[in-house]
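Asker: Below is the sequence, then the predicted model.
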Amino acid sequence: MTTIPTPPSTTLSEPPSPTERPTTVSFIDPFEDDDENKMSATKRIIKTTTTTITPIRLHPKPVYVIVATSLNPPMGIGNQGDLPWPPIKADMAFFRKVTSHIAPSEAASTSRAFNAVVMGRKTWESIPAKFRPLSNRVNVIITRSKSSDLGRRIIEQLKTSQGENGEWTLHEFATSSKPRKSKPLGTNNASTILTPPSSTPAQAPILITPSLPSILSMLSKSTITYKPSGPSTESTAQSITINKIFCIGGAEIYRQILSMSSVYSDRVPLSNATNQPDSETETDTDGEGEGDSAFDVRILQTQVRKIPSPESTSSSTNLCKQRSPEPDFECDTFFPDLLPADPTIKSAKWKPLLAQWLNEWIDGVEVPQAQAQRQSEADADSVSSGWYKDEKAGIEIRVVGWERRGARSDSVISLPHNFKA
């Protein structure tokens, strides 16, 4: 007969089996401030720090809207396809300098740096032929027609105006890697680049595109590489970088740019703000992959008015009461947003810049009223009004910078007490 031994007890009953090891149960409060050497694994786990990594969002380059507007009528920018006022040399000089200026630090980079001037087709055609394209700038033309067709017409026009300085060449490219969903097949999707002759190395290429948001994103992020045209097929490819982006008109392009403002687009979908039936362009933002693009839109406004009579300037009444009920200029085209005539008047959307911030925007390029200020300081009998006077044209101007409210959440802008309207 075989005897099977009884296994030792495995319970914690009292009293313990003689074969059990004594068991001591202790409780450690994980929230006690105890010596680190006495901490249990539980306590060490509870004290482990959790780190959350938030990705950094890279914002596109700011878009500078540069525009000259009348004060009376408010925000007039054109009349029958031309400016409502006589040519103002000081304003034209400021436009050329500010849109061409490259800071020395940018000019010293390995690739050539240019500013981009973005315009609609009608604005391009309004530029006198001898000044097209605007020199030392990347000219960007937004059009709803086929970009290659417009490019060929421009090349023919350049042959006539530039003579034997060389021939431009045309190449098509895509500005967006994502297919469009909102437009039927067969519509104009491709963009075009016109490359300058190798004999004009200082000239930048011309870009033609149907898509405003796509080209803005490309200008903001990319280096443009192209091969100059010429008799030799061994021309070295050249690359350029975009320093600043300027929007120079017309009214429809201004409207689309304002609709893509980084603050404004949070409240109004871009698809609702573009593609109007009478648009100068058919910029496709719906379903293109760029529809959520938002830009820091900054306005450089040249305010234009007739020189007030001595009686009105000596009056202590405000700017609105000084103006004649008759308009200074005949206008049929207007800027699509209303800016106060007097920057001391609060606007719901826009706030004026202090002089030092405006100077930062334009990299120290002198504004016209600063020239008038220097002249008044040189003449002891003269007092500056804060405006630049063109006596020959009977017009005075000043440049005011505007940014969207909310664009600088950590700053409060207030105008100096001696600001003169």
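Answerer: Everything's here; your move.

Asker: Poorly predicted segments of the stretch 151-300 of the chain, please.
Answerer: Low-confidence segments of the stretch 151-300 of the chain, defined by pLDDT under 70: 163-165, 176-188, 222, 229-235, 263-293.

Asker: so where do the strands sit in it?
Answerer: 169-173, 191-195, 206-209, 224-226, 238-247, 297-306 (DSSP state E, counting those that start in this stretch).

Asker: what packs against the longest helix that the chain contains?
Answerer: Ranked by residue count under DSSP state H, the longest helix found in the chain is helix 147-162. Counting contacts by 3 or more CB pairs under 8 Å, 6 or more residues apart in numbering; DSSP states H and E, helix 147-162 packs against strand 169-173, strand 191-195, strand 206-209. From N, CA and C alone the C-beta is placed, and that goes for glycine too.

Asker: Skipping its backbone neighbours, what lies nearest Lys227 in space?
Answerer: Closest residue to Lys227 apart from its sequence neighbours, by CB to CB, 6 or more residues apart in numbering: Ala237 at 4.8 Å.

Asker: and that neighbour, what are its phi and psi?
Answerer: Torsion angles at Ala237 (phi, psi; degrees, to the nearest 10) stand at phi -60, psi 140.

Asker: just checking, it touches Pro205?
Answerer: No. Counting by CB atoms under 8 Å, Ala237 does not reach Pro205; the two are 12.0 Å apart.

Asker: which residues are in contact with both of these two?
Answerer: Tyr226 (CB atoms under 8 Å, 6 or more residues apart in numbering).

Asker: higher neighbour count, the two?
Answerer: Taking neighbours as other CB atoms under 10 Å, Ala237 and Pro205 compare with Pro205 leading, 21 against 8.

Asker: wait, what's in contact with the more buried one?
Answerer: Counting by CB under 8 Å, 6+ apart, Pro205 touches 138, 193-196, 224, 226, 240.

Asker: wait, which of these is closest to Arg112?
Answerer: Nearest to Arg112 among the contacts of Pro205, counting by CB to CB, is Ile240 at 4.8 Å.

Asker: Can you give me the neighbour number for the closest one?
Answerer: 18.

Asker: and what of the one 5 residues further on?
Answerer: For Ile245, the number of neighbouring residues by other CB under 10 Å comes to 23.

Asker: picking that back up, distance check, the residue nearest to Lys227 against Thr99.
Answerer: From Ala237 across to Thr99, the span is 26 Å (CB to CB, to the nearest Å).

Asker: again, but for Gln157
Answerer: 22 Å.

Asker: between these two, who's got more neighbours?
Answerer: Neighbour tally, Gln157 and Thr99, criterion other CB under 10 Å: the higher count belongs to Thr99, 21 against 13.

Asker: residue contacts, the more buried one?
Answerer: Counted by CB under 8 Å, 6+ apart, Thr99 has contacts 66, 115, 117, 134, 137, 246, 248.

Asker: Tell me which stretches of this structure form helices.
Answerer: 41-46, 89-100, 104-107, 121-126, 147-162, 212-221, 251-259, 270-273, 310-314, 319-322, 355-361, 368-378.

Asker: out of those, which comes closest to Gly401?
Answerer: Of all these, the one in closest proximity to Gly401, counting by CB to CB, is helix 355-361 (4.0 Å).

Asker: Please name every helix or strand in contact with the closest one.
Answerer: strand 395-404.

Asker: So which other helices or strands are in contact with the strand it packs on?
Answerer: helix 89-100, strand 297-306, strand 350-352, helix 355-361, helix 368-378, strand 388-390.

Asker: Tabulate the contacts of Pro205 (JSON lines), appending distance to Glu172.
Answerer: Below are the contacts of Pro205 laid out as JSON lines (distance: CB to CB, whole Å):
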{"residue": "Val138", "distance to Glu172": "17"}
{"residue": "Ile193", "distance to Glu172": "8"}
{"residue": "Leu194", "distance to Glu172": "11"}
{"residue": "Thr195", "distance to Glu172": "12"}
{"residue": "Pro196", "distance to Glu172": "17"}
{"residue": "Ile224", "distance to Glu172": "14"}
{"residue": "Tyr226", "distance to Glu172": "13"}
{"residue": "Ile240", "distance to Glu172": "19"}
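
Asker: In the residues you listed, find the pair that's most separated.
Answerer: Counting by CB to CB, the most remote pair of the contacts of Pro205 is Leu194 and Ile240, 13.7 Å apart.

Asker: and the end-to-end length of stretch 83-92?
Answerer: 12 Å (CA to CA, to the nearest Å).

Asker: just to revisit the earlier point, return the most buried member of the strands of the stretch 151-300 of the chain.
Answerer: Mean neighbour count (mean count of other CB atoms under 10 Å) peaks for strand 206-209 among the strands of the stretch 151-300 of the chain, with a mean of 26.

Asker: could you say what helices and strands it packs with?
Answerer: strand 137-142, helix 147-162, strand 191-195.

Asker: let's see it at 10 Å
Answerer: Secondary-structure packing of strand 206-209 (3 or more CB pairs under 10 Å, 6 or more residues apart in numbering; DSSP states H and E): strand 112-120, helix 121-126, strand 137-142, helix 147-162, strand 169-173, strand 191-195, helix 212-221.

Asker: and that strand, C-alpha only, in CSV?
Answerer: Extracted in CSV, the C-alpha atoms of strand 206-209 (Å, rounded to 0.1, in the frame of the first residue of the first chain):
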residue,chain,number,x,y,z
ILE,A,206,7.2,85.6,-64.8
LEU,A,207,4.6,83.3,-63.2
ILE,A,208,1.1,82.9,-64.6
THR,A,209,-1.5,80.8,-62.7
